[in-house]
Structures are given as structure tokens and as C-alpha cells.
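**Student:** quick one: sequence plus predicted model below, questions after.
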Protein chains: 2
Amino acid sequence: MDALSPTPRTTVRRGRDRAVSDRAALHALLADGLVAHLGVDVGEGAGRHPVVLPCAYAVDLDGPDDGGTLYVHGSVAARWLVGATDTTVCVTVTELDGLVLARSGFHHSMNYRSAVVIGVARPVTDDDERVRALDAIVDHLAPGRSATLRPATRKELAATAVLAVPLREASMKTRAGAPVDDPADVAAGGWAGHVPVRRTVGAAVPDAETREPVPAHVELLTDPREVVQLSAR
Amino acid sequence: MDALSPTPRTTVRRGRDRAVSDRAALHALLADGLVAHLGVDVGEGAGRHPVVLPCAYAVDLDGPDDGGTLYVHGSVAARWLVGATDTTVCVTVTELDGLVLARSGFHHSMNYRSAVVIGVARPVTDDDERVRALDAIVDHLAPGRSATLRPATRKELAATAVLAVPLREASMKTRAGAPVDDPADVAAGGWAGHVPVRRTVGAAVPDAETREPVPAHVELLTDPREVVQLSAR
């Protein structure tokens, strides 16, 4: 397996059993996630502090950066985006998979997958790469959708900044399954277990001006169990 | 309505229409969320950069800090937690509510609620406050559960650090509903709409040693629609 953490700052120190050094698991998580949390430093001198903002993202494993490229975008007028450019940022993607209810408060936990990517945010200036990145962000929300849309206008492209973060420096942690309790607590009895959590996608809601049927690439987003449930009402 | 953003650094600058200055909405989001993303600065000098980590949390609106208190906890040996103590941190809680599929890539978006809390992380040293905070974190996962558990041992408490962040400096952004397209794109036609996303909780899975039935406070976590769906299989 390919190690995910080539540098000390992304080496997982706590909970080593929860670290996964497998690029495939990282890529699968980044494909599953929809929201990234981007940490950037803002302010000057002693007043400098991190700000964490949720954002859409996309990954291009064949992107120009070492290990592949993670893209985020925003308005050229967004202060966080301007501040992040050419600085070291942290992009974290977390999927919550369950609640872990142990026999002691101490051993309560969550089942989750989380990736932490640290790197210098490169401003994407090449127009071809910018268009590919923006299409990838749309297709990350709804695979296949970008091909159904008109191209971005010059004005839209001029209003949008794209940042690229290399995937080289990444760490991943996962937890799955049952709680791990102290033997004395198990002997004392009491209910313990875990509760699965997942994200479900409901049926598409067309906007007021839409006359067309829901396209296939949008239908595919909806969890089939949600459709069964809705039709059973 | 009580303003959420008393200082410039939590004033929402982009997308002012998406800022919500309502403490009740902030509190509701913090009650709905399960995972916070905590941003802390690590490293020294020019190498200083943010790290963003997912963590469990709880809120005590009657806590000792201005605006109420948000608690996170971790191992006393965790470097991020040691590094965060007495520094300015950012705690962000995001709930994804939907995908917004517009007629142009530019107007694609997500429906979400997100809170950004910035404050100096106070180490909680008072034992009563520490126990209350740890119980609140358990009860945030599963309301009512802490009362069913044995008290924390001295050893467990000694191994656990608790940080408190004041809720005073908080901003919130929300987006809901249909896409907003350019009139020319609406006139040109094409499907647009939004796709609801929500978190569902499945049936509890007892661990291998559990002989007791699932307690009521755990049953209550499970989305009733999930149970209907499972029983219909």
C-alpha cells in the first residue's frame, strides 16, 4: 500500500489504529464526500487565526499536482480565498458513518472516515485547467451534469477563482463497528452498540420554470430507498 | 433579533443574503449537527499553518462563557488539543441540506446551514464543569444516555482534556430552495432544480456482549422511516 503521509505534519499521532495508509481509501472517501472544510489563516501577526469554511470541491487524480489535485473555488472577491492563495491550507473531508454508544462515557465515539490534506493553495490561472476544475466541481455534485450545460461565459470565469491543493500530503483516519469497552464494564452489563448513520438523497424538486422531465443523471442521485418510501405514503 | 456577529472577523462579507442574524437559528443548527470541524494553527513562524480536524462537541447555552459555551474534548496527549489551548480557534458546524442544480455551472450551489464560531479556547480545569461538558458531549450523540452510565473514573478524567469556546463570536450562513438562474438561461430552457439531502439514522446494532434490549433513548435515535423501510424488506 502506498503511504498517505510522507511528511511529519500529516502523520497521524493519536489513534494509530485508526490511520489508513491506502491511497484507494482516500480517493474513495473524497469521491463519497460532498462538502470539504477548508482551513485558512486570516489576520496579521498576533491576530492571525484560522477560519474554517465549508466548500464544494472536486478531485482530479490526473491533475498536475503531486499525488493528484483537489480543487476548490469561490468568488474572486472572497477574502478567505484571496488570503488562502499561495499559503498553506488544510482541506478536511469527513463522512459520519455512525454513533458509537459504549458502556462508559469515556469510550463513546463515532464511526467515520476523515481525510486531512495539507498543502500550498495554488491559484489556477490556466483557462483550460480552470474550466476542467469547474466542470469537475459540478460533476462531483451530479455526475455527468456539466456536459448538459452551456459553457461558462468570460464574465463568469473572470468572477471565479479556483485554488488547487496537491493531494500528496494527506492523512486519513477511519473508525468502524462496535464500541470497545473496558472488561469490567462489559462484565457489569448494560446495553452498548453502534447506530449507523448515512446520507440519503431525496427525489429531485424541479424549479418553477422547468417544463422538462427529470434527466437521467439527476434521477440517479436519488437513493432508491427514498423513492420506495415516498411512493409507499 | 440578536445579532450573531458582533466583531468584524465573523461578519459575513460574501453572500450577505445568506447570513442569518438569529441566535435561535444558530442554536438549532448546533443542536442538529453531530460533527464540528475545529481549525487550529500548528507549527512555528513561517511554518505555521491551520489544521482542521473533525470532532464531537456539545453546547451549553447556560455555560460560563459569553453567549454560551461550545465544548470539544480530546486526549491530553493530542498535539492539536495542546496547541489549541489558549489560542484563537475556529469551530465550524455544517449541515448539508441539498444539491442545487442550476442551468449554468456558475449558479450551481448547495443548500446548507453552517455556523462559524471564533474564539480563544479555554482549557476547562474545574472538575464539575469538565464532567458536565463530557456528559453533554455524550448526550449530544444520544440524548439521555449519560444518566444511564457509570461516572467517569479519576483516570479517565485525567486522560481527557476539555476545551471551551465562547459562542459570542459566531456567524451563520444558510441557503435553501431552488436555484437562481440568469433570465437568459431560464428562457433557453433545460431542467433545473434542487435535490434534498438529509442524514438518516438506522436501527441500533448491539455489540456482541449485549444481552439487554435496545433502551428507549437509543430507539429514539433511529429515523422512523428507516425502520419502516427495513421491516418492508
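**Tutor:** Cool, got the structure.

**Student:** residue A:99 should be in a strand, yeah?
**Tutor:** Yes. Looking at residue A:99 with DSSP: H, G, I helix; E, B strand; the rest coil, it is inside a strand.

**Student:** and the closest residue to it other than its chain neighbours, which of the three is it?
**Tutor:** Nearest non-adjacent residue to residue A:99, counting by CB to CB, 6 or more residues apart in numbering or on different chains: residue A:195, 4.5 Å away. The way it works is simple: take the backbone N, C-alpha and C, and place the C-beta from them, glycine included. Per three-state DSSP, the secondary structure class of residue A:195 is strand.

**Student:** give me every residue that touches residue A:195.
**Tutor:** Neighbour list for residue A:195: A:98, A:99, A:101, B:142, B:201, B:202, B:203, B:204, B:205, B:218, B:221, B:222 [criterion: CB atoms under 8 Å, 6 or more residues apart in numbering or on different chains].

**Student:** tell me the pLDDT at the last one?
**Tutor:** Right, residue B:222. On the pLDDT scale, residue B:222 is placed at 93.

**Student:** on that earlier part again, distance check, the residue nearest to residue A:99 against residue A:35.
**Tutor:** Remark: distance between residue A:195 and residue A:35 (CB to CB, to the nearest Å) = 22 Å.

**Student:** got it, and residue A:100?
**Tutor:** Using CB to CB, residue A:100 is found at 22 Å from residue A:35.

**Student:** looks like residue A:227 contacts residue A:203 (just checking).
**Tutor:** Yes. Using CB atoms under 8 Å, residue A:227 is in contact with residue A:203, at 6.3 Å.

**Student:** with neighbour numbers in mind, choose between these two.
**Tutor:** Legend: neighbour count by other CB atoms under 10 Å in any protein chain shown for residue A:227 and residue A:203, higher for residue A:203 (17 against 13).

**Student:** backbone dihedrals for the more buried one, please?
**Tutor:** Here is the backbone geometry of residue A:203 (degrees, to the nearest 10): phi -70, psi 140.

**Student:** give the contact list for it.
**Tutor:** Contacts for residue A:203 (CB under 8 Å, 6+ apart) come out as A:222, A:226, A:227, A:230, B:195, B:196.

**Student:** packing partners for the longest helix seen in chain A?
**Tutor:** The residue-count maximum for a helix in chain A (DSSP state H) belongs to helix A:127-141. Counting contacts by 3 or more CB pairs under 8 Å, 6 or more residues apart in numbering or on different chains; DSSP states H and E, helix A:127-141 is packed against strand A:58-60, strand A:69-75, helix A:154-159, strand A:160-166.

**Student:** can those go into JSON lines with extra columns for distance to residue B:76 and mean pLDDT?
**Tutor:** Formatted as JSON lines, the helices and strands packed on helix A:127-141 follow (distance: least, CB to CB, whole Å; pLDDT from 0 to 100):
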{"stretch": "strand A:58-60", "distance to residue B:76": "35", "mean pLDDT": "98"}
{"stretch": "strand A:69-75", "distance to residue B:76": "32", "mean pLDDT": "96"}
{"stretch": "helix A:154-159", "distance to residue B:76": "47", "mean pLDDT": "96"}
{"stretch": "strand A:160-166", "distance to residue B:76": "31", "mean pLDDT": "97"}
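
**Student:** make a markdown table from those and add mean neighbour count and distance to residue A:189 to it.
**Tutor:** As requested, these are arranged in a markdown table below (neighbours: other CB atoms under 10 Å in any protein chain shown; distance: least, CB to CB, whole Å):
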| stretch | mean neighbour count | distance to residue A:189 |
| --- | --- | --- |
| strand A:58-60 | 21 | 46 |
| strand A:69-75 | 23 | 47 |
| helix A:154-159 | 12 | 62 |
| strand A:160-166 | 23 | 49 |
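
**Student:** right, and the ones you listed - which one's nearest residue A:131?
**Tutor:** Closest to residue A:131 of these is helix A:154-159 (CB to CB; 7.5 Å).

**Student:** nearest to chain B, out of the helices and strands packed on helix A:127-141?
**Tutor:** Of all the helices and strands packed on helix A:127-141, it is helix A:154-159 that lies closest to chain B, at 4.3 Å by CB to the nearest CB.

**Student:** elements contacting the closest one?
**Tutor:** By 3+ CB pairs under 8 Å, 6+ apart, helix A:154-159 packs against helix A:127-141.

**Student:** what does the helix it packs on contact?
**Tutor:** Residues contacting helix A:127-141 (CB under 8 Å, 6+ apart): A:34, A:56-60, A:64, A:69, A:71, A:73, A:124, A:145-146, A:149, A:151-152, A:157, A:160, A:162, A:164, B:99, B:101, B:105, B:108, B:110.

**Student:** what about the strands in chain A?
**Tutor:** Counting by DSSP state E, chain A has these strands, from start to end: A:36-42, A:49-55, A:58-60, A:69-75, A:88-101, A:109-120, A:122-123, A:160-166, A:170-175, A:193-201, A:205-206.

**Student:** which stretch among these is buried most, on average?
**Tutor:** With neighbours taken as mean count of other CB atoms under 10 Å in any protein chain shown, the strands of chain A reach their highest mean count in strand A:36-42, at a mean of 26.

**Student:** what's the average pLDDT for that one?
**Tutor:** Mean predicted lDDT for strand A:36-42 stands at 97.

**Student:** that older thread, now the contacts of residue A:203 as TSV including distance to residue B:44?
**Tutor:** Listed next are those as TSV, based on distance: CB to CB, whole Å:
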residue	distance to residue B:44
A:222	49
A:226	49
A:227	54
A:230	55
B:195	45
B:196	45
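
**Student:** which one in those is the model shakiest on?
**Tutor:** residue A:230 (60).

**Student:** could you dump stretch A:112-119 to PDB, C-alpha only?
**Tutor:** Taking C-alpha atoms only, stretch A:112-119 is exported to PDB below (Å, rounded to 0.1, in the frame of the first residue of the first chain):
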ATOM      1  CA  TYR A 112     -16.400   8.000  10.500                       C
ATOM      2  CA  ARG A 113     -13.900   8.400   7.600                       C
ATOM      3  CA  SER A 114     -11.900  11.600   7.500                       C
ATOM      4  CA  ALA A 115      -9.200  12.900   5.300                       C
ATOM      5  CA  VAL A 116      -6.900  15.800   6.100                       C
ATOM      6  CA  VAL A 117      -5.000  17.300   3.100                       C
ATOM      7  CA  ILE A 118      -2.300  20.000   3.800                       C
ATOM      8  CA  GLY A 119      -0.700  21.900   1.000                       C
END
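
**Student:** now that stretch, how far from the centre of its chain.
**Tutor:** Taking CA atoms, centre = their mean, to the nearest Å, one finds stretch A:112-119 lying 8 Å from the centre of the chain it belongs to.

**Student:** also stretch A:147-167?
**Tutor:** 19 Å.
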